[in-house]
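>>> predicted structure and sequence below. I'll ask about it afterward.
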Amino acid sequence: MSSQLIRAGSVLPARRTPLKLHTSDGLTLVGELAQPLDRDPVATIIFLHPLPTHGGMMDSHVIRKASYRLPALADMAVLRFNTRGTESVQGRSEGEFDNGEGERLDLAAALEHAVAVGLPRIWLVGWSFGTDLVLRYGCQPPVEGAILLSPPLRLARPADLRTWAQSGKPVVALVPELDDFLRPPEARERFAAIPQAEVVAMEGVKHLWVGAAERALDEIVARIVPSAAPLPERWDGPMEYADSSAYANKTVAAYTARSAGHT
């Protein structure tokens, strides 16, 4: 089979299992676990999505592409889910959005599942609102490190940063040069509270990573499975294509009301 260019909607082979995550306060969350097709994963990411009130969900474009590509290209497991009250094509999670409070239990449910099924080397990857959840609640014994896309540092408190600092666990902040909420110079100042934190200025990138998802995935893989980075642009095996029309109005248009809050 001749190699094919990996495009935005390319779906590479993987074992994809729909999940029902159960929180300690009685909610059922919709999720998915994608793993390498015919081998065990060498590492795991649990992906926390952007703000659901501004269109964030487990199917947001960078998260979809992680699920579509990383099991095949980097031997990684990708666990993604809708936090409470969040709806996507995958379904709606029970409960209501709680502005980062009740979502603590959602992250705990995802971590519990990952540990229960024996997933290796668990990293948390948050995007915008998801980064606040990671910083506030993610410094747990099973977690090896954290990668933060477009961190606004809106909900995370100094005590949360101290917790990560004291843990010594790696924290990588991928900060868009043109972000609407936190840009690299200020990010370096604020993440100085975590001595081991690495702040990476993403030149030319905006908060939503439109047109830059591949760069995000390359940075993620380079930190967790460096032998697989940079990711290839072509694939020699079977490939399917996802219908992205359901997301056409959720990638950009849903985020236009910037003044209403961060994503």
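Everything's here; your move.
>>> isn't Ala197 right next to Val175, touching?
No - here Ala197 does not reach Val175: they are 10.9 Å apart, not a contact under Cβ atoms under 8 Å. C-beta: built from backbone N, CA, C; applies to glycine.
>>> okay, these two: which has more neighbours?
Between Ala197 and Val175, counted using other Cβ atoms under 10 Å, Val175 has the larger neighbour count: 24 against 20.
>>> mind checking how far the residue lying closest to that one once chain neighbours are set aside is from Trp235?
Closest residue to Val175 apart from its sequence neighbours, by Cβ to Cβ, 6 or more residues apart in numbering: Ala187 at 4.4 Å. Using Cβ to Cβ, to the nearest Å, Ala187 is found at 34 Å from Trp235.
>>> more neighbours: which of the two?
Ala187 (25 against 18).
>>> need the contact list for that one.
For Ala187, the contacting residues are Pro151, Leu153, Ala173, Val175, Val199, by Cβ atoms under 8 Å, 6 or more residues apart in numbering.
>>> quick one: average pLDDT of stretch 119-131?
Stretch 119-131 shows a mean pLDDT of 98.
>>> whoops, I mixed them up, stretch 46-53
So the average pLDDT for stretch 46-53 ends up being 98.
>>> that stretch: end-to-end distance?
The first and final residues of stretch 46-53 sit 21 Å from each other (Cα to Cα, to the nearest Å).
>>> count the neighbours of Leu48 for me.
Leu48: 31 neighbours (other Cβ under 10 Å).
>>> now the one 10 residues further on
By other Cβ under 10 Å, the residues close to Met58 number 27.
>>> same question for Ser245.
Neighbours of Ser245 using other Cβ under 10 Å come to 8.
>>> that older thread, quick check: pLDDT value at the residue nearest to Val175.
98.
>>> which SSE is it in?
In this assignment (DSSP states H and E), Ala187 forms part of helix 184-191.
>>> who are the packing partners of whichever helix or strand comes after that helix?
From helix 184-191 onward toward the C-terminus, using DSSP H and E, the following helix or strand is strand 198-202. The contact analysis (3 or more Cβ pairs under 8 Å, 6 or more residues apart in numbering; DSSP states H and E) places strand 198-202 against strand 171-176, helix 184-191, helix 213-224.
>>> how about a cut-off of 6 Å?
Identification of packing neighbours for strand 198-202 by 3 or more Cβ pairs under 6 Å, 6 or more residues apart in numbering; DSSP states H and E yields strand 171-176, helix 184-191.
>>> make JSON lines from these and add distance to Ala229 to it.
Shown next, in JSON lines, are the helices and strands packed on strand 198-202 (distance: least, Cβ to Cβ, whole Å):
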{"stretch": "strand 171-176", "distance to Ala229": "13"}
{"stretch": "helix 184-191", "distance to Ala229": "21"}
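>>> can you check which of those gets nearest to Gly130?
Proximity to Gly130 (Cβ to Cβ) singles out strand 171-176 among the helices and strands packed on strand 198-202, at 12.4 Å.
>>> direction included, what does the closest one pair against?
strand 143-149 (parallel), strand 198-202 (parallel) (DSSP bridges).
>>> buried ones in the shortest one?
Read it as strand 198-202. By neighbour count on 16 or more other Cβ atoms under 10 Å, the buried set for strand 198-202 is Val199, Val200, Ala201, Met202.
>>> what does that strand rub up against?
Contact with strand 198-202 is made by Val172, Ala173, Leu174, Val175, Pro176, Glu177, Pro184, Ala187, Arg188, Phe191, as judged by Cβ atoms under 6 Å, 6 or more residues apart in numbering.
>>> quick one: the strands in the stretch 1-150 of the chain?
Applying DSSP state E, counting those that start in this stretch to the stretch 1-150 of the chain gives strands spanning 4-5, 10-11, 15-22, 28-35, 43-48, 76-81, 87-88, 91-92, 122-127, 143-149.
>>> buried ones among the contacts of strand 198-202?
Of the contacts of strand 198-202, these count as buried by 16+ other Cβ under 10 Å: Val172, Ala173, Leu174, Val175, Pro176, Pro184, Ala187, Phe191.
>>> export the residues you listed as CSV, with columns for distance to Leu105.
Shown next, in CSV, are the buried ones among the contacts of strand 198-202 (distance: Cβ to Cβ, whole Å):
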residue, distance to Leu105
Val172, 26
Ala173, 25
Leu174, 27
Val175, 28
Pro176, 30
Pro184, 33
Ala187, 28
Phe191, 26
